[in-house]
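Structure, please.
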Amino acid sequence: MANPWRGDVALVIDGQTHVMRLTLGALAELEAAMQADSLLAMVERFENSSFTSQDVLALLKAGLRGGKCDVSDDVLLHAEIEGGPIGAARAAAELLARAFTAPSV
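Numbers count the residues shown, from 1 in each chain. Reported below is the predicted structural model:
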């Protein structure tokens, strides 16, 4: 079960729910994958709606690894994500937001 206070975000892949989380290691991996100069630069891409599908995939991959989910890159590339591309982008943006803010009560 996803715990928003811990920064968790649930993602349904091929009908199975996975819990994603951006740990410090996952954030470092994400910076490299997105070739971002800083954490702020990553956040700004999503805030300004200037992210790419590769950015979304990088966020999902990092979050899945941070949540200790065994979903390979190949499976993720060919998976059916609940909500389609928009659902994937929303989950990625929520994951990034939860890494830096507490959930509203």
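
outside of the worst-scoring helix or strand of the chain on mean pLDDT, which residues touch it?
Of all helical and strand segments in the chain, the minimum by mean pLDDT, DSSP states H and E falls on helix 39-47, at a mean of 84. Outside helix 39-47, the residues that touch it by CB atoms under 8 Å, 6 or more residues apart in numbering are 27, 30-31, 34, 36, 50-51, 55, 92-93, 96-97, 100. For every residue, glycine as well, the C-beta is placed using N, CA and C.

at 10 Å what do you get?
27-28, 30-31, 33-36, 38, 50-52, 55-56, 58-59, 89, 92-97, 99-100 (CB atoms under 10 Å, 6 or more residues apart in numbering).

Check stretch 77-94 too.
Contacts for stretch 77-94 (CB under 10 Å, 6+ apart): 2, 4, 7-17, 20, 43, 45-47, 49, 51, 53, 55-63, 71-72, 76, 103.

the strands in the protein, which residues?
Applying DSSP state E to the chain gives strands spanning 9-13, 16-20.

Can you list the low-confidence ranges for this structure?
Counting by pLDDT under 70, the chain shows low-confidence ranges at 102-105.

where exactly do the helices run in it?
Assigned by DSSP state H, the helices in the chain fall at 24-33, 39-47, 53-66, 73-78, 84-100.

surely Asp8 meets Gly66?
Yes. The criterion here is CB atoms under 10 Å, and Asp8 meets it with Gly66 at 9.5 Å.

Please identify which of the two sits among more neighbours.
Neighbours were counted for Asp8 and for Gly66 using other CB atoms under 10 Å; Gly66 has more, 23 against 20.
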